[in-house]
Every structure is written in C-alpha cells, then in structure tokens.
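S.K.: The sequence and its predicted three-dimensional model are supplied below.
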Amino acid sequence: TSRSINETETQALLAIKARILIDPYEVFVSWNGSRHFCDWPGVTCGKRHRRVTALRLPSLNLVGDLSPYIANLTFLKVINVGNNSFRGPIPREVTNLHRLEELVLANNSFHGELPRHLARCSNLKFVNLNQNALVGEIHAELGSLSKLRMLQLAMNNFTGTIPPSIGNISSLQYLSLMQNQLEGHIPIELGHLSNLRFLQLASNKFSGTVPKELYNISSIFFFGLADNQLQGQVPPYISLSLPNLRFIYLGKNKFSGPIPTSIANATGLIQLDMGSNELSGPIPNLGSLQNLQALNFGDNFLDSSSDLSFLSSLTNCTNLSLLWLYKNNLTGVLPDSIGNLSTNLNQFRIETNFISGTIAKGIGNLVGLEYLGLFENMFTSTIPDSIGKFSKLKYLYAYTNRITGEIPLSLGNMTQLIVLSIEDNLLQGNIPVTMGNFNHLEQLDLSQNRLNGTIPKEAIGLCSSIIGVSFASNGLTGTLPSEVGNCKNLILLDVSNNNLYGEIPSSLENCLMLELLSLQGNSFNGTIPSSFKRLRSIQVLDLSIMIFQGEYRSEVPMNGVFGNISAFSAIGNNKLCGGIKPLRLPVCPRETETKGKNFPHKVIIAIAVILFVVWFSICLFVIKQRANSSRKKEGIASPLDKKHPKLSYAELLHATDGFSSANLIGKGRYGSVYKGTLTSDSQNPIAVKVLDLQQRGAERTFKSECQVLKNLKHRNLVKVITSCSSIDFQGNDFKALVLEFMPNGSLETWLHPSSTELNHSTRLNLTQRLNIAIDVALALDYLHSQFGKPVVHCDLKPSNVLLDGDLTAYVSDFGLTKFLTMTAEYSIGEQSSSIGIRGTMGYIPPEYGLGKEVSTFGDVYSYGVVLMELFTGKRPTDSMFTGELSLRDYVKAALPDRAAEIADPWFNFENEAFDQNGQSSGGGTGNAGKWLGSVLGIGVACSADSPIERMKIGDVLRELDNVRNRLIGDHR
C-alpha cells in the first residue's frame, strides 16, 4: 500500500540521517514528521507516485557514513553527496538500485573496494567517485554498463590494469582514472570508444606504447597521459586524426623522436605539454596556434637554429601565459621579437640551455611576468634597464651566466619580488639602495660576483620577510649593517670572503631563526658578541680564516652554539682565544698579568692544556664510539626522516607562548603536551609533546616513538609533523614531538571530565562511542596485521585515544611500542621479558605481570578494558573494584539481561533514539540493551585472563560493525 511504502521510505531517510555525525548547516533538522519527506531539503520525489527519486546533498560539510538503508529508496535515480566528509565503505546495497542513473560520491573519504556488482545498476549514466580512498581493482563488469557516459575514478588507490571491457561502453564520453596505482599497457580496446571526448589517465604506472587506435578517436578534445612510463613516438598525423584536440598532456614519460610539425595544424589547441620526455630535434614554428595558453617542451633534448626563430612565431599566440623551454640543447641569441610575446605571459623558463649573447631589451615588455628563469645559460653584457617594468615579477633566476655591468637601479621597481638569484656572474659596482623596495623578498643571492662598495642598510634590514641572504665572494667593504637584526625570520646569512671590517653587530642576536651564519674571510675587529649564545637555532657558525683586527684576542664563549665543535669553525683564525677545549684555542690572557711573571706559568698552563686536550679527545672518542654503537643497535639515525620539516627550540618556544601553563593540554609519565601555533602556518594548531628528560626512560620512549611514527601511517594513528632534538636557552637537552593538534582532546577527558572541562551537554552519545570504538579497533588492526611485521602498542588507554574536530579517534603515545617478528606475534607465554612491565595499571594484561613477552593479544586485553570503560563510564581502577571484583567481573555479571543497568548513567536511551531518527523509537532501555549487551560482551571476550581465549582484533571489527548495523535496524 501507499502508506507502507511511505513508511519504508521515511524510515530509510531517517536511517540515512542517523549515520550523519556532523551537520553544520543543520540540513537534517527539518527531516522529521512535521512535513512529508518529499519536502525535506535535498530530497526530490516523482510527481506521480511521490516516491524519492533523487538525494542531492553536495558540499554541506557533512560527516558520517552512508547508510545501507539507502537501498530501500527503490525509485532513486540520483545520489549526489559529493564534496563532504563521508567515510566508511560504499554500501554494497547500492547495487540493488536498478533505476539509478547518477552516482556522485566524489571528494569524500570512502574506503574499501568498489561494490562488486555495481553493473547491476544498468541504467547508470554518470559515476563520479573521484578523490576518495578506494582500493582494489576496477571490475571488468563495469564494461556492461551500456548507458554510461561518464566514469570518474581519479585520485584513489586503485591497482591492477584497466579492464579491456571498458572499451565496450560505446556511449562513454568522459573517462578519468588519473592518480591511482594502475599499471600495465593501455588496452587497445579503449580505441573503440568512438564517442569519447575526455581521456585522463595521468599519474599512474602505465608502460609500453600508446595504442595507435587511441590517436584515431576523432571526438577527443582532452588527451591526458602525463606522468606515466609510456614510450614510443608521437605520431606525425596526430593533428589530422584528432581534429578537436584542445588539451594534450604527454609530459613526464619516455616519448622520443621529434615533435610532429603537423601539431601546428591543431589550431584549436589551448594547452600543449610534452615536457620531461626524451624528445629531440628542432622545435617547429607554432604561430598558427593562436588559442594557445600554455606550452611546455622543457626537460628534453630539443635543439634550435641559431636565431631561435620558433620564438618569433609564438608572437602570434596572444593568449600565451606559460612558456617552458628549460633544460634542452637550445643555442643562439634571444631575438628582439621576444618583446612581442603576449603581455599575458606569466611564466617564461629558458634556463639550463646554451643561449648566449645579450638579454634582449624588449624582454621588459613582458609586463605580466611573475616567473623568469634565465639561469645556467651563456648570457653576456648587462642586465637591461627595461627589466624594471616587471612590476608583477615574483621570481627572478639568472645565476650562472656571464652577465656583466652594474645591477640597474630600476631593479627596485620589482616590488613584488620574492626571490632574486643572480649569483655566479660577472656583475660589478655597488649594490643599489633601491633594493630596499623589496617588501616581499624572501631570498636574495648576489654571491660570486665582483661587487664592491658597502652593503646598504636598505638592502638587508628593511624586509622582515627575508629568510636567506648571501653576499659571499665579492669585494664588499665597510661594516655589516646593524639593521640586519631587523630580519627576524632570517635563516641563512653568508657574507664570507669579502673585505668587511668593524665589529660584528650584536643585533644579530635578534635573528633567533638563524641556522647558518658565515662570516669567514673578512677583517672584523672587536670581540665575538657574547649574545651569540642566544642563537639556539643555529647549526653552522663559520668564523674561520678571519682576521680579527686589534691588539687583543677575541674571546670565544663556551656555551650555546660555541659548545658544539661540529657547528662552529674557527680554523685559521689566530686572533681567537678561549672556547671549549676541543677547539684548541689559546687561553685568553688576564689584564693584570705581566709578561715577566707569567712565563713559567704559561708553560705550565700550556702543558696542562695539552694533557687535558689529549685526555678529553680520548674520552670524546670513546663516548662517540659508544654512541655510534648504540645508534646502530637501536636502528635510529635521526629522530625522524628528512621528509619531515625541521623545527627549532626557539620556534616551539614561540609557538607555545613560552610553554605557558595556559597552553598546557596534558601531562603524562614522561612529559607534558602543549597547544601551539607556528608562524608559518597560523591556521593549523599543533600539539607539542615535551619530554621530561629527568624521568628515567624518557629518552628511550622518545626514540621509540620516533621510530614508530616514521614507519607507520594510518588514518586512525596520530599524525606526526616533526621532532625536535636540541638544547634550550639554559643549555639543557631538549626533546619534543610535534603532532597534529586534536581539538577535542582525549577520550579520558570526555569519559571522566573535571569540573573545569566538559559540561553535561557535551557528553558522547551512543553512536559516537560506537564509532570511536571502531576507529580504535581499525588502528589496532593496522598495527597487528596490516603494517607488515606486527606492532604492539603496549599502553592503550583512554588518555592515549585522541579525538579530532569530527570526533574521529586517533591512537597516540607510542613510547612503549614494540615491533615483533612474525613468528612472535602469536607466541604467547613462552618467552620471558627482561624489560619490566609495559603499560598502565588497570589496562595491563595479567601475563605481563608474570614477566611474559609482549604480544598483540596484550593490546586486545587493553582494548577490551577500554571498550567496557567507554560504555560503562567506569575506570578499571575505580574504588568499587576492590578485592576479587574487577571491571570485567562487574560487566560479565550484568550480561546478558542487565546491560542497560550498568551503562554510563549519562545515557538517555529514549532521547538518544529520538535524536538519531527524528522520532522516539519507543524501545527505551530494553530496546537498547540488546546491542549494548553485544558491545560489552566483546569487551569481556577481549579481556579474558588467558591470551588464547581473547578475540583477534579483526574479529572485533566485524562484530562491532554488525552491532552498528543492528542499532540502525532497531531504530528504523
């Protein structure tokens, strides 16, 4: 009857609503019984039968799962939930929607494989699953979707090959499989797609040659094969067989041979990319491509005639905005006609060629340029004054040429400049003061030229954004301006091998970000500023072969960077004294000493110093050998891989407001966690875990956590940004981990909030707790069976489960984690451990207390305790659990009939059902007790005393997923 059909569709829509965890625009608020479901936002019904035909909920920032009960909307033709944060697998029940025509799930976090029998939806016309986390192979069954016009599976993790059956979909017009892990040959059957207009296969692992049949699909306007391992030649007839071509992307492959001259006949071309291949021969004249906007022939073996005439032909391309010709074998002189190229030209790259002669004056007419690459050529003569017309230029690279003359004053007109790199030329004269106009400059390199005169304060001290400056190897004189101290973000300063004199400015102490400071090969006088010891970020300080003028020696401080002989160099400097013993500098004389009295005393001191240096060197060698041996034994060369960004102590100090108590968000056994904000990324807070190195075992846990975090990666494991191993401003060792900040804190604070933390209205509801339990199980499943060799966490508890803004759970704190061999994974009770008990009281499995080796079953025990705590709200160390009574005994005694009685008292089951479904389920605590008892039963099974009686975490996952489905079914 129509009434029962309405009820079915109403309940299906409410089940969809129940799986939505976050609804920032409150779309689902009006999904209730106050009006017919056909009037609910996002729902479209047929006019005749009032059945749901479309569900459109795109771009609403929704978070949750897609309910399998969507399959009860049997008249659905459209599902569009693109551009949200849906997660979980695509429900296999979708394949029962035989009327479905449009399936858009793009830009979400769906994972798992494609539903196996999606081809049952035989009316499908549009499938867009781009940008998810889907895996597995693309099923050959898709080839039977005879009405399909668009198939978009890009930016996922699909593997295997393209099924040849895709070539059977004669109606297909758009095919996008880019950014996956697909491999093998491109099937020739794709050449049968006579209606294909858009083909995008970029960024995969395809190999072999491109089937000639593909070049014969005359309807194609977008041809994308870039970033693969394809080879062969581009066919000479390409413009004839593909007359509608507008975009062609063949870059980053292994194509060889010449560029077809017939490409000039493809007059509709808008973008042409053949860069990073093995193409050779001349570049043809392409002036007929008047619609061309982007041309990339860079990184090949192309050559040219001596007049570079093809450049002149490009003046007809009035829409050209990108021209890349870098890293080829181009020779000759830039033609004057280059000034007639499009004023829309945004990027012009001709670096790493053999172009000689002058830089054409007409280049200044290219007023739209933002990037100009001229480096590693053979340009001579001067920089033309017309370069000052580049008011939009941001990046100018002209290093390693033979450019002569002075730097023109007009250079100062480029006020948007970010990088100026003109080192390794023959420039002379003064550094122009107009460089003070560079308000956005970050990198300035004028080194290895013949510049003279002084360093203008305008060129070095007026730009707070600058991070790198090099004036090295010139003939500069005068002093180093004290204004350099205004460069608060400076990381590199190199003024070595000049003729600078005067005192080293003490204002450099303000450059707390400074990592490399090279002053060698100058004639500074005075002393080394003692304030240099404040430069805690510095890694290299070079004062070698430097003449300190004056009668007295300059004393080297003994702390800060000066205490690290690997970072500080004073070789060849006979005017330095003091410092740490390994520097072998003379002792600084006292003013009260006289020459006659001190001669014997000096001899004694010299002998003592020599003996001490020998003794110290031996000790240093022994310590170093032991440290090397220890590092090899632990397998840690550095705290984290080089791919992680470096952060200094000073940066973390600033980010956390001096590690203030206001930013303290947690305190544990081995240290404290602070919230912080980096100046380089103010939009994304960080969590800084500072180790208390006074605690025994803290350094070991730091190394262990670094080792784990650099090897493991899963969406439910806390994400590491970097680590910091340095010294603080008092010279003490400092070690910290920088992690992604979790705005909702730990599970501990949600289950057991203090009076100053969460209020009653922000308690976790039933669905949220179940999702958290599944998230943690997913993390353990990855550690135990998906990473490769099993990994045991060893300290799972609520305070080590963190929650992000969406209440997604992340397992953290890997300080006690242990890697197992495959044979040890299930070896229970056979080995003894000599490392002491791992874990936290209440969560430690009983076998650990008997000295047995850690195992994955130990984590399962801890998980069982956490699961019971999550739904009862009681800690395993609660005062009620004394004598023989434990949390497990307490829960087990209540099963199966009294589960609701021991549940967290903050639960209100009837209200929970109302909130989830938009109406009361009427079941009350008895209805909820069915599935709650199942969850607690899993906790009891996981926490069995005997390891072999405990569940495997994979089985736990399956059981919890079943519980979640039953929960939704009970509320329908």
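M.R.: That came in fine, so what should we check first?

S.K.: Quick check: closest non-adjacent residue to residue 695.
M.R.: Spatial nearest neighbour of residue 695, chain neighbours left out: residue 670 (5.3 Å); criterion: C-beta to C-beta, 6 or more residues apart in numbering. Every residue, glycine included, has its C-beta placed from N, CA and C.

S.K.: distance of the one you found from residue 727?
M.R.: Plainly put, residue 670 is 19 Å away from residue 727 if you go by C-beta to C-beta, to the nearest Å.

S.K.: Please say which of the two ends up with more neighbours.
M.R.: For residue 670 versus residue 727, the count of surrounding residues by other C-beta atoms under 10 Å is larger for residue 670: 23 against 17.

S.K.: Who does the longest strand along the chain pair with, and is each partner parallel or antiparallel?
M.R.: Among the segments of the chain that qualify as a strand by DSSP state E, the longest is strand 681-691. Next to strand 681-691 in the sheet, as set by DSSP bridges, lie strand 671-678 (antiparallel), strand 733-740 (antiparallel).

S.K.: center of this structure, which residue is that?
M.R.: Central residue of the chain (C-alpha atoms, centre = their mean): residue 721, 8.2 Å from the mean position.

S.K.: Using the three-state scheme, assign that residue.
M.R.: Secondary structure, DSSP: H, G, I helix; E, B strand; the rest coil: residue 721 is strand.

S.K.: ok, it touching residue 685?
M.R.: No: judged on C-beta atoms under 8 Å, residue 721 makes no contact with residue 685 at a distance of 11.0 Å.

S.K.: Please give the centre-to-centre distance between stretch 478-486 and its chain.
M.R.: Put simply, stretch 478-486 sits 37 Å off its chain's centre (C-alpha atoms, centre = their mean, to the nearest Å).

S.K.: Check stretch 419-431 too.
M.R.: With C-alpha atoms, centre = their mean as the basis, the mean position of stretch 419-431 lies at 35 Å from the chain mean.

S.K.: which other residues reach it?
M.R.: Applying C-beta atoms under 8 Å, 6 or more residues apart in numbering, the external contacts of stretch 419-431 come out as 375, 383, 394-407, 411, 438, 441-456, 459, 470-471, 476.

S.K.: Report the backbone C-alpha coordinates of that stretch in CSV.
M.R.: In CSV, the C-alpha atoms belonging to stretch 419-431 read as follows (Å, rounded to 0.1, in the frame of the first residue of the first chain):
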residue,chain,number,x,y,z
VAL,A,419,63.4,35.6,-4.9
LEU,A,420,66.3,37.4,-6.6
SER,A,421,69.0,35.0,-7.5
ILE,A,422,71.8,36.4,-9.8
GLU,A,423,74.8,34.8,-8.2
ASP,A,424,77.8,33.4,-10.1
ASN,A,425,78.1,36.1,-12.8
LEU,A,426,80.5,39.0,-13.5
LEU,A,427,78.5,41.8,-12.0
GLN,A,428,80.3,44.8,-10.6
GLY,A,429,79.7,48.1,-8.9
ASN,A,430,77.6,48.8,-5.9
ILE,A,431,74.6,47.1,-4.5
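
S.K.: per-residue confidence averaged over it?
M.R.: The predicted model assigns stretch 419-431 a mean pLDDT of 95.

S.K.: cool, and stretch 453-470?
M.R.: Stretch 453-470 carries an average pLDDT of 84.

S.K.: Figure out how far it is from the centre of its chain.
M.R.: For stretch 453-470 - counting by C-alpha atoms, centre = their mean - the centre lies 32 Å from the chain centre.

S.K.: what about that stretch, how long is it end to end?
M.R.: With C-alpha to C-alpha, to the nearest Å as the measure, stretch 453-470 spans 15 Å from end to end.

S.K.: And stretch 882-899, by the same measure?
M.R.: Termini of stretch 882-899 sit 21 Å apart (C-alpha to C-alpha).

S.K.: Any buried residues in it, and which?
M.R.: By 16 or more other C-beta atoms under 10 Å, the buried positions in stretch 882-899 come out as 886, 887, 888, 890, 891, 892, 894, 895, 899.

S.K.: next one: stretch 737-755
M.R.: For stretch 737-755, by 16+ other C-beta under 10 Å, it's 737-742, 744-752.

S.K.: Closest one to residue 242 out of those residues, please.
M.R.: Closest approach to residue 242 among those (C-beta to C-beta): residue 740, at 46.2 Å.

S.K.: right, and the residue nearest to residue 695 touches residue 735 too?
M.R.: No: at 10.0 Å, residue 670 does not count as touching residue 735 under the criterion of C-beta under 8 Å.
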